[in-house]
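**Q** here's my sequence, what's the structure:
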Amino acid sequence: MKNTFAPITRRAAAIALLAAPLLAHAADFPSKPIRFIVPYTPGGTTDLVARTVGQKVSEKLGQPVLIDNRGGAGGNIGMDAVAKAAPDGYTIGFGAISTNALNPHIYKSMAFDPRRDFTAISLLGTSTIVLEVPAVSPIKSVPDLIAAAKKNPGLPYATAGAGTSMNLAGVMFAQMTGTELVHVAYKGSGPAITDMLGNNIGLMFDNLPASLPHIQAGKLRALAVAGPARSPSLPEVPTMAEAGLKGYALDPWFGVYGPANLPAPVVKALNEAFVEALAMPDVKAKLQQAGFSPRSSTAQELATLTQTEYQRLGDVAKKAGMTAD
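**A** Below is the predicted model of the structure:
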């Protein structure tokens, strides 16, 4: 009798042989340095968090975690490099609410699709967006700002870049206050803060960790924070809702992603390392002091968040007519 199962058996064996090296490699992970791409310029929130947490992940895994800053296009350049990397766990990226949920709705051309081109690894936490002015500004409160914006339509505001969560915060502010603001997109928080300190631009929405030292030094004045609760770093500064914008709340989130199709053992190893690092008291204290709220998750929780936020922010961007090209 002809053995009809032989071709299937041989094919299955061939597949197993091809997969064996990959599985063995994953089981030995990591055996060399890991590149952690931060898709923004040095000096911002993501850079601070990546370097702080990356050091602990390196100690846990026994291999260096090398921070690779690749700014540009609202984070798209860096995350595209992650999407196109080999799915072996040796290239991971610092994704955000912008790169992995908002950007596809506001850029005309995207080199990747965050819903299918990444493997979620773990949440890193959330940041606080602060609305601020130079210390010499006559604007001392959110009502003052609204009055000034209505008196001077086209009032410019700075952010760390087009399509960022800070840009979204500005759009939401203008929508909810019925004012006309003009977005001035910088290449990172650093250059924008420099112009704020020089009084070359009078208003900024920024991630708090980058601006906090200047607020504490009295060089910038915080008017409000964008989240649903006050920041422990600035307990005296009201939320937007407390300042009169009922219903205003925006909490930017950040997470670690690898290329699509990362082997499960690699995801497990990376997830455990990041979860452990984010739970360390010294890491938590340092990040909280800088205005960042550390929070880890399972890989599936981050994957689910990415999908739901993609839909939610798509609706927001469409309603606002947001574009970044």
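
**Q** in the chain, where is pLDDT below threshold?
**A** 1-25, 44, 325 (pLDDT under 70).

**Q** each with direction, which strands does the longest strand along it pair with?
**A** When the chain is parsed with DSSP state E, its longest strand is strand 118-127. For strand 118-127, the paired strands and their directions (DSSP bridges) read strand 253-259 (antiparallel), strand 292-294 (antiparallel).

**Q** contacts for the last one?
**A** Surrounding strand 292-294, the residues in contact under the criterion Cβ atoms under 8 Å, 6 or more residues apart in numbering are 45, 48-49, 53, 124-128, 208-209, 278, 283-284, 287-288. Every residue, glycine included, has its C-beta placed from N, CA and C.

**Q** okay, the strands paired with strand 118-127 in JSON lines with mean neighbour count and distance to Gly188 next?
**A** Output for the strands paired with strand 118-127, formatted as JSON lines (neighbours: other Cβ atoms under 10 Å; distance: least, Cβ to Cβ, whole Å):
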{"stretch": "strand 253-259", "mean neighbour count": "26", "distance to Gly188": "16"}
{"stretch": "strand 292-294", "mean neighbour count": "23", "distance to Gly188": "17"}
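
**Q** for the stretch 201-325 of the chain, what spans make up the strands?
**A** 204-207, 220-225, 253-259, 292-294 (DSSP state E, counting those that start in this stretch).

**Q** wait, which of these is closest to Met79?
**A** Nearest of the strands of the stretch 201-325 of the chain to Met79, taken as Cβ to Cβ: strand 253-259 at 7.5 Å.

**Q** now Asn167: closest residue in space that isn't a chain neighbour?
**A** Thr159 (4.9 Å; Cβ to Cβ, 6 or more residues apart in numbering).

**Q** how many neighbours does the closest residue to Gln288 other than its chain neighbours have?
**A** What sits nearest to Gln288 in space, not counting adjacent residues and going by Cβ to Cβ, 6+ apart, is Pro232, at 6.3 Å. When counting by other Cβ atoms under 10 Å, one arrives at 11 neighbours for Pro232.

**Q** so what's Phe118 closest to, chain neighbours aside?
**A** Phe118 sits nearest to Tyr257 (Cβ to Cβ, 6+ apart), 4.1 Å away.

**Q** next: Phe274.
**A** Ser122 is the one closest to Phe274 (Cβ to Cβ, 6+ apart), at 4.3 Å.

**Q** bridged to that neighbour, which residues?
**A** Val256.

**Q** isn't it up against Asn271?
**A** Yes. Counting by Cβ atoms under 8 Å, Asn271 is a contact partner of Ser122 at 5.0 Å.

**Q** anything in contact with each of those two?
**A** Common neighbours of Ser122 and Asn271, using Cβ under 8 Å, 6+ apart, are 298-299.

**Q** these two: which is more packed in?
**A** Using other Cβ under 10 Å, the more surrounded residue of Ser122 and Asn271 is Ser122, with 25 against 20.

**Q** separation between that one and Ala27?
**A** Here the criterion is Cβ to Cβ, to the nearest Å. By it, Ser122 lies 20 Å from Ala27.

**Q** wouldn't the residue nearest to Phe118 be in contact with Leu123 here?
**A** No. Tyr257 is beyond contact range of Leu123, at 10.7 Å (criterion: Cβ under 8 Å).
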